[in-house]
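Enquirer: no FASTA, just this:
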């Protein structure tokens, strides 16, 4: 079993660290928020007073932080303390450029590194069924895979440094676009007098099927486990979807890719957040479409 430092124990990091404990690993955790750290302690994570204390003597370090600037700041601290050959894994969703910079920092410190953002939301983090999209060397991936398997059910090596972030950004752009389309279709069905169940029964088994319908249907009823049946309590908050869509547009601009649907989805979620909905599940955007004349 490994000695693991886990930095960032929020809605995703907390349950991920708890699953590492369940798998028999020794996990030392740190978070700037005291209540979050206390909650992690209740799940078996040993609390540290600062990141460097958690990292000292750790074989593996995992970070789960909000933005690229937070990751770069944390890795600057971590790599001053970490021993050579420590494996540092970033599970945050950040921009590709920051991710590649973090890899360069790790290489300069003679540490292995992996960017491994996740898909599956808080439900997947708790259940240990996340999908990990990994970028980094074959050696880093081989060392990380058994650890990631304690937190997820699908682990994909997408390529070299930054490839995991690229895959996550592209995947979530698809998700944001498809959810907008699904919500528009259900609102149109309402206007046409078609029941939610009837549209679901057709679309979920024909050419309109997608994850946004089959697993995460944005209206109450057809999929009992979707947030629509729980007042749109977030499995994946609208603010996080907006963050990912903005990352996709930054990447599109930098690479010269044409993503008009991604750009439109980003604008729609920006408006939804501006209306005070950032903390609700992203599928709640259906309510904004109902308000349009």
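Expert: Arrived safely. Everything numeric in this text was worked out from a predicted model, so none of it was measured.
Enquirer: phi and psi next, for the residue nearest the centre of the chain.
Expert: The centre of the chain sits closest to residue 118, judged by Cα atoms, centre = their mean, with a distance of 4.5 Å. Backbone torsions of residue 118, given as degrees, to the nearest 10, read phi -120, psi 160.
Enquirer: ok, it to residue 84 distance?
Expert: Relative to residue 84, residue 118 is positioned 27 Å away (Cβ to Cβ, to the nearest Å). For every residue, glycine as well, the C-beta is placed using N, CA and C.
Enquirer: one more: residue 106?
Expert: For residue 106, the distance to residue 84 equals 11 Å [Cβ to Cβ].
Enquirer: who has more neighbours, these two?
Expert: Legend: neighbour count by other Cβ atoms under 10 Å for residue 106 and residue 84, higher for residue 106 (25 against 8).
Enquirer: quick one: the more buried one and residue 100 touch, right?
Expert: No: contact criterion Cβ atoms under 8 Å: residue 106 and residue 100 do not qualify, at 10.8 Å.
Enquirer: what's in contact with stretch 97-110?
Expert: The contact list for stretch 97-110, computed with Cβ atoms under 8 Å, 6 or more residues apart in numbering, reads 68-69, 71-72, 75-76, 79, 82, 84-85, 88, 90, 112-113, 115, 135-136, 161-162, 164-165, 254.
Enquirer: which residues of the chain fall in strands?
Expert: Per DSSP state E, the chain carries strands over the ranges 3-7, 26-30, 46-47, 60-63, 87-90, 112-115, 118-119, 130-136, 152-159.
Enquirer: low pLDDT regions in the stretch 151-293 of the chain?
Expert: 292-293 (pLDDT under 70).
Enquirer: intersection of neighbour lists for residue 106 and residue 84?
Expert: Common neighbours of residue 106 and residue 84 (Cβ under 8 Å, 6+ apart) do not exist.
Enquirer: need the helices for the chain, in chain order.
Expert: With helices called from DSSP state H, the chain shows them at 13-22, 34-42, 51-55, 68-81, 96-108, 121-127, 138-148, 163-191, 196-203, 211-214, 238-255, 260-272, 286-291.
Enquirer: what comes up buried for the last one?
Expert: Same thing as helix 286-291. Neighbour-count burial for helix 286-291, counted by 16 or more other Cβ atoms under 10 Å, picks out 286-289.
Enquirer: tabulate those (JSON lines), appending distance to residue 197.
Expert: Converted to JSON lines, the buried residues of helix 286-291 look like this (distance: Cβ to Cβ, whole Å):
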{"residue": "286", "distance to residue 197": "16"}
{"residue": "287", "distance to residue 197": "19"}
{"residue": "288", "distance to residue 197": "23"}
{"residue": "289", "distance to residue 197": "19"}
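Enquirer: returning to what we had before: residues touching the residue lying closest to the residue nearest to the centre of the chain once chain neighbours are set aside, list them.
Expert: Nearest residue to residue 118, sequence neighbours excluded (Cβ to Cβ, 6 or more residues apart in numbering): residue 130, at 4.5 Å. Contacts for residue 130 were tallied using Cβ under 8 Å, 6+ apart; they are 16, 118-120, 124, 151-154.
Enquirer: tell me how far the closest residue to residue 180 other than its chain neighbours lies from residue 184.
Expert: The shortest distance from residue 180 to any non-neighbouring residue, by Cβ to Cβ, 6+ apart, is to residue 265 (5.3 Å). As judged by Cβ to Cβ, residue 265 and residue 184 stand 11 Å apart.
Enquirer: and what of residue 29?
Expert: Residue 29 sits 42 Å away from residue 184, going by Cβ to Cβ.
Enquirer: more neighbours: which of those two?
Expert: residue 29 (29 against 15).
Enquirer: mind checking pLDDT for the nearest residue to the more buried one once chain neighbours are set aside?
Expert: Once flanking residues are discounted, residue 29 sits nearest to residue 45: 4.1 Å by Cβ to Cβ, 6+ apart. Looking at residue 45, its pLDDT is 97.
Enquirer: residues in contact with the residue nearest to residue 180?
Expert: Applying Cβ under 8 Å, 6+ apart, the residues near residue 265 are 173, 176-177, 180, 245.
Enquirer: buried ones among the contacts of stretch 97-110?
Expert: Neighbour counting by 16+ other Cβ under 10 Å classes 68, 71-72, 75, 79, 82, 88, 90, 112-113, 115, 135-136, 161-162, 164-165 among the contacts of stretch 97-110 as buried.
Enquirer: fine by me, thanks again.
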